[in-house]
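> let's see this in three dimensions:
(chains A, B and C)
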Amino acid sequence: MKTTYREAMRAAIREAMQRDERVFLMGEDVGHYGGCYAVSLGLLEEFGPERIRDTPLSESAFTGAGIGAALGGMRPIVEIMTVNFSLLALDQIINNAATLRHMSGGQFSVPLVIRMTTGAGRQLAAQHSHSLEGWYAHIPGLRILAPATVADARGMLWTALQDPDPVLIFEHGTLYAVPGELDDDAGAVDIDTAAVRRPGADVSLITYGGTLPMVLEAADRLATDGIDAEVLDLRTLRPLDDAAIAATVTKTHRAVVVDEGWRSGSLSAEISARITERFFYDLDAPVGRVCSAEVPIPYARHLELAALPTAERVVAAAREAVHAGG
Amino acid sequence: MPSLGADMEHGRITEWLVQPGDTVHRGDVLATVDTDKALMDVESFSDGVVTELLVEAGTDVPVGALLALIGDAAATATIPPVPPAPTTPPVPTPPPEPSTPDEPTPPPLPAPPPEPAPPEPFPAPSPPLTPHAGDAPNATPPVRHLAHRLGVDLAELRGTGKAGAIRRVDVERAAAAASPASPAATVSVAAGPGPDRVRSSPLARRLAAELGVELAAVHGTGPGGAITETDVRGAATAAGPSTAAAPAAAAVDSPEEAAVRVPPDRAATMRTAIGNLMARSKQTIPHYYLTTTIDLRAAMDWMRTANAGRPVTQRLVPAALLLKATARAAHEVPGMNGSFEDGEYRPSESVHLAVAVSLRTGGLVAPAILDADTLPVDVLMDRLRDLVARARGGRLTRAEMSAPTITVTNLGDLGVESVFGVIYPPQVAMVGFGRVVEQPFADRGLLGVRHAVTATLSADHRVSDGLGGGRFLGRIDELLQQPEEL
Amino acid sequence: MTDQHQAHDLLRRMLRVRRLEETCVELYSATKIRGFLHVQIGEEAVAAGVMSALEPDDAVVATYREHGHALLRGVSADSILAEMFGKQEGCCRGRGGSMHLFDAATRFYGGNAIVAGGLPVAVGLALADRMQGRRRVTACFFGEGAVAEGEFHESLNLAALWQLPVLFVCENNLYAMGTALRYTESQTDLALKAAAYEIPAWPADGMDALAVAEAARRAVDAVRSGGGPHFLELRTYRFRAHSMFDPERYRDKAEVASWVERDPIATLRATLQAEDRLSEEEWTAMQQEVDAEMEQAVAYAEAGTPEPVEELTRFLYTEPATP
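Take a look at the predicted model:
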């Protein structure tokens, strides 16, 4: 079945609403507008305003209300329009959702799913384009997902809703229109493991979310050079699938981490550090990183492109790693 | 001294608002305390009569220190002052601290504890049995830690800080004064990075240790001359899959060439590495050997036809057919393709067929043609050509160097008729091909002249035996009789 | 008029809170309790009156000055003190401490130490009740300092918009830490602010337990019967410092003394005695009973087991059920 990431996500929400009456969707413009990125288009008509709830522009209140509703026995899906807006709800996400279980000595679970758009590439400039999922991945108590494929867009939500603890799903804005093939019976997928999207022997390209298609393209280009790159899609950013990282690095002995977040203090830094801590004596080259330039994402097309990881930069980093080894 | 905040560690009594004999009630303010932040009240948590003030106004004491005793109003007269901390052995009133010589010696209070011990949760450590018993060196924990780290005895130090406190700089000075004689300092200099350090990747270092390669003698091709995995494997593989092959290879190159291209120390290193590796193979792998002569008439006929009309650069050579047949046989017959490690044979699904390539600089490398059993002969031929060229140019990839599951050595070009190779650990088999020669051949009662080649198998007896080895050679023969199927 | 039983009950509730808080202060001074400690001595009528109006399956969300709220909601003094001692027997196994008391059995949702951070959660708890058709009330306590936070306004708007069963209880003790309300708010009549969101709101005397109980009963009844959110502003005063470390430069002793004259415990006791509804024996018995409860709680906490360090990383994610 031909579909798009957006439609797969919508199908996932629809399925969840049908299967579990405790599930409801809440956020800005999810109802009458049909979702800022049209993910929830048509769902208001299908499920009504009680379960497809338009909220005021009150990120903190409706995110906190999601936490409260989860504590009260519901299975809310909170949609935050973009990751930059989630900063207005940080108190609720970090001080409450992530801590309640631990702080209460295990008495309270928060089975909440928060979805939000992340990432650049659409000339939306510095307040709608950042990739802050790495920040959230810093926080113990949260589970962070980054579906990069149509199958994951379709399958991660239901599994996330079954998780008794808060799960944040980061949907890269450039992926919504990406078409893909989906099995007719596609359903839930695991949210624990990373996936090798392309096996290879010479260098591991480790990435997630919006940069996956670009990294696969870079791997194809490397192949024409005789460099056989393996592409690992992390899928879950917290907790990281250390076993998958171990497997690929001990196989290829070279790694390049591709992360649209900024380099300093980033998820790419974390992965690089883990590789060095655990697999130093398997490395034949320094761990490479391709990240965004350390500036707020600018508006102009050529400036934005210059700020973001590109296939050229990934190819160059991979070549450097491989040629470092002869 | 009450705790008046999460970060309060000590406080100074600024004023006592009660005196011994005063009756106090729960909630009454007894004294004021100067903390780091502000003046605060100390309140009473019980009703009674103040029997004793234990800390003078102006004194700084830690949180938890006993400040005063409040007795039961009725029983006051009969209650003797209780020593505050039973765990502290009685100590005579200490001499006035040398740090406060300008203050008049305070009138001794009745039985003042030298340092009021905090209550239970923090039992006072027993004072050390030294002449200074009870006088802990006047230094903050970080300074004590520093002293410990630098091996400075605080008791020997004279503090230059406020009230004689030992400061960081005092400790550092003492350490510096001691250091010229300190062996630790000498060692740390020697251990630092110096000009002798060999630049190498972590994996290269690990491999070098495993393969017995001396890193200092390996030529690095990585950034800044760093030694990488390929360099180490290159040095180790120089031992070659066959001890017989190495001298032979060296023999082709003219002595002049060798002298020009190979720095003497490098050639020696390679020879040492070859020696080590082959010795290890012979010591640990129980080899057995089989040999057979294969009729190549069909193969040569087919090849001639295939080559007709091809430009010279694309023509097949017999080696391509021999390699393909070997790869397929290795895939089909168990016990020949894989590795023997940690006491266990691990067969490999894929056949990565290594080809021994002699280097002009002396020695050998044996890079692999990956998945050789699946490649059409033409492709395999291209790969072989490319591999030999890159091997001689030193441009092999890591996978080619590390992946082999079986090795072929083909010394036919040198005129050798047969070769009994030494298995390259941890592989379990090595196939040798000699020169393809025209020879008299008996077939169905007739004597004719045919192209033929002598194939040998060196195999690991821990994994296979002669029967399996025989099947393997037989299968190579069979495959070569139907070259169009290859 | 309120019956004698209820009056005695309110007096006992307040006395329990007072003694618990006094015990905490003493234990803190003795370094048995560490961290931040905020006691509500002087404010006991608020928790006593509101809790008396709630049903067992209602929910409570409170602030970091919540020992009394937890106690009167039904969390035992034993487990509250054990929590502050960092013991396994504490209600949160030593992970919350003074500011984060939680108890699932009594639906006590903290213990929130971010000013106004509990309001959105309370709105969500009420939303869940609304969506599942349950007639439960969520009582949300917060100080007047919370009124300056965006979360206060967002939450009141959302609760009113969706007509959710929340009772907002503003404990107005006049000072956000050390800053008086008049220095932080353009409109100091807080009920008016709530009314601006179309929420029924009125003030009550937070030093009078009977008045608080009456106001809370009216409000809770209205909320439970589908009247949407309600808002109470309870004007009260803390007699002691904001936390243990507070030199109280921002208010003078005369002001404190004038409020201490209105001590909610002394006031109710005097009223009852004047009306001959509380005998000296009853009062003494009540005190002894409460003292014994606190003595027992201290002993319980002392005797508890420190939560083992090996358990440090537990309760971060839900643990798989053991078969």
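> for the rest of this, base every contact and every neighbour count on C-alpha atoms.
Fine.
> got the domain ranges for chain B?
B:10-132, B:137-185, B:285-485 (automatic domain parsing).
> nearest approach to chain A belongs to which of those domains?
Chain A lies closest to domain B:285-485 among these, at 6.5 Å (CA to the nearest CA).
> end-to-end on that closest one?
One end of domain B:285-485 sits 35 Å from the other (CA to CA, to the nearest Å).
> state the mean pLDDT of that domain.
For domain B:285-485, mean pLDDT rounds to 87.
> over to stretch C:216-225?
Stretch C:216-225 comes out at a mean pLDDT of 98.
> buried residues, the helix or strand hosting residue B:475. List them.
Secondary-structure element containing residue B:475, defined by DSSP states H and E: helix B:466-481. By neighbour count with 16 or more other CA atoms under 10 Å in any protein chain shown, helix B:466-481 contains the buried residues B:468-470, B:472-473, B:475-477, B:479-481.
> same list (those) but as JSON lines, adding distance to chain C.
Formatted as JSON lines, the buried residues of helix B:466-481 follow (distance: CA to the nearest CA, whole Å):
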{"residue": "B:468", "distance to chain C": "50"}
{"residue": "B:469", "distance to chain C": "52"}
{"residue": "B:470", "distance to chain C": "55"}
{"residue": "B:472", "distance to chain C": "53"}
{"residue": "B:473", "distance to chain C": "56"}
{"residue": "B:475", "distance to chain C": "55"}
{"residue": "B:476", "distance to chain C": "56"}
{"residue": "B:477", "distance to chain C": "59"}
{"residue": "B:479", "distance to chain C": "57"}
{"residue": "B:480", "distance to chain C": "60"}
{"residue": "B:481", "distance to chain C": "62"}
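> what sits against the residue lying closest to residue C:291 once chain neighbours are set aside?
Computed as CA to CA, 6 or more residues apart in numbering or on different chains, the closest residue to residue C:291 that is not its neighbour in sequence is residue C:19, at 7.1 Å. Residue C:19 sits next to C:290-291, C:294 when contact means CA atoms under 8 Å, 6 or more residues apart in numbering or on different chains.
> how about the residues of chain C near chain B?
C:26, C:28-31, C:34-36, C:243-245, C:247 (CA under 8 Å from any CA of the partner chain).
> and residue 98, what pLDDT?
Reading this off chain A. The model reports residue A:98 with a pLDDT of 98.
> look at chain C instead
For residue C:98, the predicted pLDDT is 96.
> residues near it, how many?
Using other CA atoms under 10 Å in any protein chain shown, residue C:98 has 27 other residues around it.
> isn't there a strand covering it?
No - counting by DSSP: H, G, I helix; E, B strand; the rest coil, residue C:98 is not found in a strand; it is coil.
> give the contact list for the residue lying closest to it once chain neighbours are set aside.
Of all residues not flanking residue C:98 in the chain, residue C:84 sits nearest, at 5.5 Å (CA to CA, 6+ apart). Shown in contact with residue C:84 (CA under 8 Å, 6+ apart): C:33-34, C:90, C:94, C:97-98.
> quick check: the two most widely separated of the residues you listed?
In these, two members sit farther apart than any others by CA to CA. They are C:34 and C:90, at 14.5 Å.
> any stretches of chain A with poor pLDDT?
Along chain A, segments meeting pLDDT under 70 span A:324-326.
> name the helix or strand for residue C:202, please.
strand C:201-205.
> typed the wrong thing, it's residue C:7
Taking DSSP H and E as the definition, one finds residue C:7 inside helix C:4-29.
> next secondary structure element downstream of that helix?
Criterion used, DSSP H and E; the element after helix C:4-29 is helix C:44-51.
> against which helices or strands is the very next helix or strand once past that following helix packed?
Remark: after helix C:44-51, the chain's next helix or strand is strand C:59-62, criterion DSSP H and E. The contact analysis (3 or more CA pairs under 8 Å, 6 or more residues apart in numbering or on different chains; DSSP states H and E) places strand C:59-62 against strand C:108-111, helix C:118-131, strand C:138-143.
> same list (the ones you listed) but as CSV, adding mean neighbour count and mean pLDDT.
Shown next, in CSV, are the helices and strands packed on strand C:59-62 (neighbours: other CA atoms under 10 Å in any protein chain shown; pLDDT from 0 to 100):
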stretch, mean neighbour count, mean pLDDT
strand C:108-111, 26, 95
helix C:118-131, 29, 98
strand C:138-143, 26, 98
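> Serialize the ones you listed to JSON lines and add fields for distance to chain A.
Formatted as JSON lines, these follow (distance: least, CA to the nearest CA, whole Å):
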{"stretch": "strand C:108-111", "distance to chain A": "8"}
{"stretch": "helix C:118-131", "distance to chain A": "3"}
{"stretch": "strand C:138-143", "distance to chain A": "10"}
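> so for residue C:43, which of those sits nearest?
In terms of CA to CA, the element of these nearest to residue C:43 is strand C:138-143, at 11.4 Å.
> show me the contacts for residue B:19.
Residue B:19 makes contact with B:50, B:52-53, according to CA under 8 Å, 6+ apart.
> quick one: mean pLDDT over stretch C:14-33.
Computed over stretch C:14-33, the mean pLDDT rounds to 95.
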